[in-house]
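K.L.:
I'll drop the sequence and a predicted model, then ask my questions.
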Amino acid sequence: MTSLFVTLSLISDFVIAVTGTGNLNAAESLVVLLTSLAVYVLWTRTTFAFAALIPAMVASHLLDFFMLTGLTMPLVLGAVAATAHRLFSYLALAVAVAWALLIPFTSADFGGVTWIIVPFISLAWGTGMFVGYNLERRQQDRLRIAEATRRAAHAGEEERRSLARDLHDIVAHNLTIISMQALAAKYAGTDEAAKTAVDVIGSSAGEALIDLRRMLSLLQAEGIVAGDQEAAQRELGEGASALDLEYGAVKFGRMLESLGIYTTVDTGGLEQDIPQSVETALYRVLQEAVTNVAKHSGEGGECRIDVHTRAGQLELAVDNTMPSNGSAMRVGWNSSGSGLIGMRDRVDAFGGTMSSARDGQWWRVRAEVPLHGANA
């Protein structure tokens with residue numbers, strides 16, 4: 001609104017000068033016209049407006065008329081300081097001060113006006129810089145809020161993916177055992193074999209239920225879902241945790257034995273001060289690896305599970321024999337590869353390494369996670 005008022009005022013003065021009804025002569029009218037154009041350009045960009053004001057500044061010195069240019073200069077300079085780049089703002093200030101300081105050398109009548117214009121120019125420029133600083137801070141605050149919102153959304157998405165992966169790891173292993181034992185019970189040749197398969201099904205279903213309950217308790221204890229946190233912590237602390245590596249290795253070994261896969265388990269030398277997060281991550285990797293063994297290793301095959309600590313690393317090795325050529329895998333258990341991806345994601349999250357490859361008739365899985373200084 002200020003620029004519009006000044007523009008209309010200057011144009012009015014110019015019209016008066018042209019019609020000869022005012023006190024301005026032709027030279028002064030030219031300065032009025034140039035100044036009016038500069039203020040009008042202020043509606044587009046402040047840098048353009050200051051550039052358009054330069055002809056008026058030159059004309060004011062040549063034609064010895066500084067009144068309108070001196071009044072317009074602080075307005076344009078303040079707008080430049082508030083909105084333009086800092087370097088341009090300093091350059092504009094230098095030009096404006098130089099223009100004001102030259103007045104005593106080019107005009108005998110307006111020499112004293114310099115000491116009035118210079119303070120106005122300085123005040124306008126300082127005010128503009130203050131406004132620009134606040135505008136910049138407001139913009140930075142908006143960007144920070146937008147970035148924080150984006151990060152919160154990303155963290156929420158990652159948390160949902162992690163929860164989905166945990167639920168998959170908890171349920172998939174036991175459901176694999178249940179489904180395969182149900183198939184074994186269906187084709188069991190004796191009542192004793194069918195009874196054994198049903199016992200394994202019941203045990204696996206119970207393990208899955210315990211895992212789900214403990215995961216819910218963990219989520220409640222961490223405040224992710226509503227619930228009694230004290231009761232959740234109490235349940236997590238009872239007995240051998242479902243996420244205890246040594247306990248899990250023995251449990252999974254027995255499950256593989258029940259499928260007819262000869263399994264050896266070595267957990268000697270495990271330290272007792274393994275961080276819970278690291279142990280949980282390796283437990284899930286072990287669980288997925290054993291699930292893959294159950295899917296792909298033929299009956300009568302072999303599996304070796306080795307968990308130990310060495311040189312500040314928690315190391316896991318799962319080796320199993322592959323079915324002989326021509327042997328069919330268990331129907332319905334062709335791997336999509338998503339399990340290996342989830343395993344690598346877990347190990348990578350802690351700055352560890354993982355590999356899985358065939359070695360002759362063996363399939364070998366290796367995972368190493370640093371005990372301390374993990375990335376997670």
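P.N.:
Alright, I've got the coordinates.
K.L.:
for whichever helix or strand Ala124 is part of, packing partners?
P.N.:
Using DSSP states H and E, Ala124 sits within helix 114-186. Here helix 114-186 touches helix 67-83, helix 86-101, helix 103-106, helix 191-221, helix 245-258, helix 276-296, helix 338-349, going by 3 or more C-beta pairs under 8 Å, 6 or more residues apart in numbering; DSSP states H and E. The way it works is simple: take the backbone N, C-alpha and C, and place the C-beta from them, glycine included.
K.L.:
on contacts alone, who are the packing partners of the first one?
P.N.:
With contacts taken as 3+ C-beta pairs under 8 Å, 6+ apart, helix 67-83 sits against helix 2-19, helix 26-41, helix 46-63, helix 86-101, helix 114-186.
K.L.:
Arg284: which of these is closest?
P.N.:
Nearest to Arg284 among those is helix 114-186 (4.7 Å), distances taken as C-beta to C-beta.
K.L.:
Poorly predicted segments of the stretch 201-350 of the chain, please.
P.N.:
210-243, 269, 271-272, 324-339 (pLDDT under 70).
K.L.:
thinking again about what came up before, which one of the helices and strands packed on helix 67-83 is the most hemmed in?
P.N.:
Mean neighbour counts were taken over the helices and strands packed on helix 67-83 using mean count of other C-beta atoms under 10 Å, and the top value, a mean of 22, falls to helix 26-41.
K.L.:
Let's test this: mean pLDDT of that helix, rounded?
P.N.:
Mean pLDDT, computed over helix 26-41, is 77.
K.L.:
Could you check the angle that helix makes with helix 46-63?
P.N.:
Going by axes from the mean of the first three to the mean of the last three C-alpha atoms, to 10 degrees, helix 26-41 is angled at 170 degrees with respect to helix 46-63.
K.L.:
counting contacts, what elements does helix 26-41 pack onto?
P.N.:
helix 2-19, helix 46-63, helix 67-83.
K.L.:
got the angle for that helix vs helix 67-83?
P.N.:
Orientation check (the same axes, to 10 degrees): helix 26-41 against helix 67-83 gives 20 degrees.
K.L.:
Helix 26-41: how far from the chain's middle?
P.N.:
Put simply, helix 26-41 sits 53 Å off its chain's centre (C-alpha atoms, centre = their mean, to the nearest Å).
K.L.:
which stretches of the stretch 51-200 of the chain aren't confidently modelled?
P.N.:
In the stretch 51-200 of the chain, residues with pLDDT under 70: 152, 155-156, 159-171, 174, 186-189.
K.L.:
Please repeat the previous calculation with a cut-off of 80.
P.N.:
66-68, 107-114, 148-149, 151-200 (pLDDT under 80).
K.L.:
dump the residue contacts of the residue sitting nearest the centre point of the chain.
P.N.:
By C-alpha atoms, centre = their mean, the mean C-alpha position of the chain lies nearest to Arg151, the distance being 4.2 Å. By C-beta atoms under 8 Å, 6 or more residues apart in numbering, Arg151 lies in contact with nothing.
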